[in-house]
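Peer 1: with the sequence up front, the predicted model follows.
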2 protein chains.
Amino acid sequence: MLDERKRQVLFAIVRDYIQTAEPVGSRTIARRYEFGIGAATIRNEMADLEEMGFIEQPHTSAGRIPSDRGYRYYVDSLETLPELTVVDATLIKRHFGGRLRGHEIVLEATARLLSSLTNCVSIVIGPSAAQTRLKVMQVVPLNELSAVLMLVADNGLVASEVVRLPEGLSVVDLDEVCRVITAHYQGRTIDRLHEMNFSAFAGGIGARAETFERAMDKLISGLERLEGERVVLGGASNILNQPEFKDLAKYRDVLKVLEVQELVQKLVATSTTNPYSVSIGAENHLNEMRDCSIITARYTISGEGIGHISILGPTRIEYPRVLSLLNYISKLIGQG
Amino acid sequence: MLDERKRQVLFAIVRDYIQTAEPVGSRTIARRYEFGIGAATIRNEMADLEEMGFIEQPHTSAGRIPSDRGYRYYVDSLETLPELTVVDATLIKRHFGGRLRGHEIVLEATARLLSSLTNCVSIVIGPSAAQTRLKVMQVVPLNELSAVLMLVADNGLVASEVVRLPEGLSVVDLDEVCRVITAHYQGRTIDRLHEMNFSAFAGGIGARAETFERAMDKLISGLERLEGERVVLGGASNILNQPEFKDLAKYRDVLKVLEVQELVQKLVATSTTNPYSVSIGAENHLNEMRDCSIITARYTISGEGIGHISILGPTRIEYPRVLSLLNYISKLIGQG
DNA sequence: CGTTAGCACTCTACCTTGATGAGTGCTAAC
DNA sequence: GTTAGCACTCATCAAGGTAGAGTGCTAACG
């Protein structure tokens, strides 16, 4: 599709623009990257590349910048991840220091680390709780009117919900319900708890089915929100170091999206199969993100489920380096 | 200290500048606020006010803007909170709609509402857990190596922590510890749990005192972080609508502070006695906040403790309106 | 004596202008 | 096929020039 020389030129443009954020001209390439052809020849190649849609011109008589398609080609051509630089590697090691215990902390620390390394926004999403399994359901009475329902998952996450005791139901009844649920559903994955049918229970409980169903739904989604699928943002201010965000309006829109958790989750949602995903510019379905790229890696904590780490930056992001960083860190978290 | 006419002039300047964000000149005041004196007279008053430090001039031959001290005088002179406008009141009512249940949701909804009403950053801090009381300590075994410790408070909050079982200790031992703690400390406030002395326990437990102490500390701080003292930010992007933040560098510094939870908590910390507190410009001890004001109201949820709601904006913030808003909403949350 | 009109002065914001330089596209020669 | 040369385009920047808002001062007024 692209002959060798066109590739060389395209890659030079991409690399240079990623580094400098300035449109890159034919002279610059001829001088800085010497592959034995003159500026004029490069100009011809550039004209071709532009016609094919790999690069574009901000205005006549400016240099060229890669288009979304140009970046896409560049990313797809990266066969192998580069090594981490020594600097990056030591920074990461120092940051994670001794232990990797205590989840909440790790997510936040990771987010902060990544954003300071990349000057981009980082998004860390905790492992999904959907695939963990029920260990125990319990109830603790608070007073005559209310009690706490607790759901313990086999990875140690606990969700709790205060319920008002429905009239005519005592804590003893609730306790009985918990016992039954535990007996029936222990070892089942959390997402299957939705199927529970309370109206099948005996006595007053069956009649109060809706009350229980509502409480259970809250418990389950609480569990999902608690740590699992918890969304941690890092360094929304670091991205202001990037020259593209000198333009306020652009940054404002991006920030606005980041404030809505559901949108963030949708952005990060990866293609099912691949361990990495890269969404470049308009490939993101949100219009506000049309000038951003999002690179996401998956991590797995054995027995706890799947989470995601993402870096969001301008399309002019250091794809190879970020991919390496994410690769390294996702493995680090994964084995913790 | 200020005669009546000087007060009138100062207040006119403050109100006008709050509304327009433009330095206000003598002509403007004479025309827009008619208290029967001419522009020239006002100029004389302004010269006095400037010398006294209530207003300042961005540069020669510009209008005047209030200084921190001017705002302070204005705020201190507000005897009575104005009524909420009908618009504000209905927006709030609609937003809180039916129920006020489910804490986490309420905090976030409140933050979002406040920041959209004011075009400022809102900071909502959940009720402190320190004054709640221990209901029950429990342990649930996960597998041979680890278990979940759970601490239930009398307001229904639950903290949990996964612990590796120290060698030589079984779940049964742990269960015993929990039972003892529950028996001894039920009804005590959470912050007194720190005093617990594990080395007094019998057998292998005493020997493992540090393990337990560490776990307990984590539990307690987990409880505090969980909902209590949870910090929720809203609308960091809305503040970009304010003309003062056209200047990126300023906004960047503010945002950076907001990313560090501990700093945010310090900013919001109110004077002990007053239900409201207003920190204007340099009164904030953080240098980055020297051009911002923070208005904080306290709310109390009966039996759950004390929380805070703050609005952070430029010093040119609508003090009376924001105070009314905070007053209204803090009461609303409080009774929920 | 306090208040006011008038006026010269100051300073910013904005526009225009022109010079500079980077970069292109085309053409003709190698 | 490649390259040098050249005319042309366009953004950026500094310089100059104008308009407008606002001040401080002075002198006059009631």
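Peer 2: Cool, the structure landed. Numbering: from 1, shown residues only, chains lettered A, B, ... in the order given.

Peer 1: how much space separates residue A:71 from residue A:267?
Peer 2: Look at residue A:71 and residue A:267: by C-beta to C-beta, to the nearest Å, they are 17 Å apart. C-beta coordinates here come from the backbone N, C-alpha and C atoms, glycine included.

Peer 1: these two: which has the busier surroundings?
Peer 2: Set residue A:71 next to residue A:267 and count neighbours by other C-beta atoms under 10 Å in any protein chain shown: residue A:71 wins out with 24 against 20.

Peer 1: quick check: that one touching residue A:292?
Peer 2: No: using C-beta atoms under 8 Å, residue A:71 is not in contact with residue A:292; the gap is 11.5 Å.

Peer 1: who touches both of those two?
Peer 2: A:281, A:315 (C-beta atoms under 8 Å, 6 or more residues apart in numbering or on different chains).

Peer 1: any idea whether the residue of the stretch 51-200 of chain A found nearest DNA strand D is helix, strand or coil?
Peer 2: Of all residues in the stretch 51-200 of chain A, residue A:61 sits closest to DNA strand D, at 2.8 Å by C-beta to the nearest atom of the strand. Per DSSP: H, G, I helix; E, B strand; the rest coil, the secondary structure class of residue A:61 is coil.

Peer 1: tally of neighbours for it?
Peer 2: Residue A:61 has 7 nearby residues by other C-beta under 10 Å.

Peer 1: ramachandran angles for it?
Peer 2: Note on residue A:61: backbone dihedrals following degrees, to the nearest 10 are phi 60, psi 30.

Peer 1: can you check the pLDDT for it?
Peer 2: If you check residue A:61, the pLDDT there is 89.

Peer 1: and it, how close does it get to residue A:25?
Peer 2: The value you get for residue A:61 to residue A:25, if C-beta to C-beta is used, is 9 Å.

Peer 1: now swap in residue A:260 and tell me
Peer 2: Taken as C-beta to C-beta, the span from residue A:260 to residue A:25 is 40 Å.

Peer 1: who has more neighbours out of these two?
Peer 2: Higher neighbour count among residue A:260 and residue A:25: residue A:25, with 19 against 11, using other C-beta under 10 Å.

Peer 1: and the closest residue in space to that one that isn't next to it in sequence, how far from DNA strand C?
Peer 2: Of all residues not flanking residue A:25 in the chain, residue A:63 sits nearest, at 3.8 Å (C-beta to C-beta, 6 or more residues apart in numbering or on different chains). According to C-beta to the nearest atom of the strand, to the nearest Å, residue A:63 and DNA strand C sit 4 Å apart.

Peer 1: list the contacts for residue A:137?
Peer 2: A:149-152, A:178, A:181-182, A:185.

Peer 1: tell me the confidence at it?
Peer 2: 91.

Peer 1: name the element it belongs to?
Peer 2: Using DSSP states H and E, residue A:137 sits in strand A:134-141.

Peer 1: identify each buried residue in that strand, please.
Peer 2: A:134-141 (16 or more other C-beta atoms under 10 Å in any protein chain shown).

Peer 1: just the endpoints, please. Distance across stretch A:78-94?
Peer 2: Across stretch A:78-94, the terminal residues are separated by 29 Å (C-alpha to C-alpha, to the nearest Å).

Peer 1: sketch out the low-pLDDT regions of chain A for me.
Peer 2: The model of chain A has pLDDT under 70 over residues A:98-105, A:202-206, A:223-228, A:270-272, A:302-304, A:335-336.
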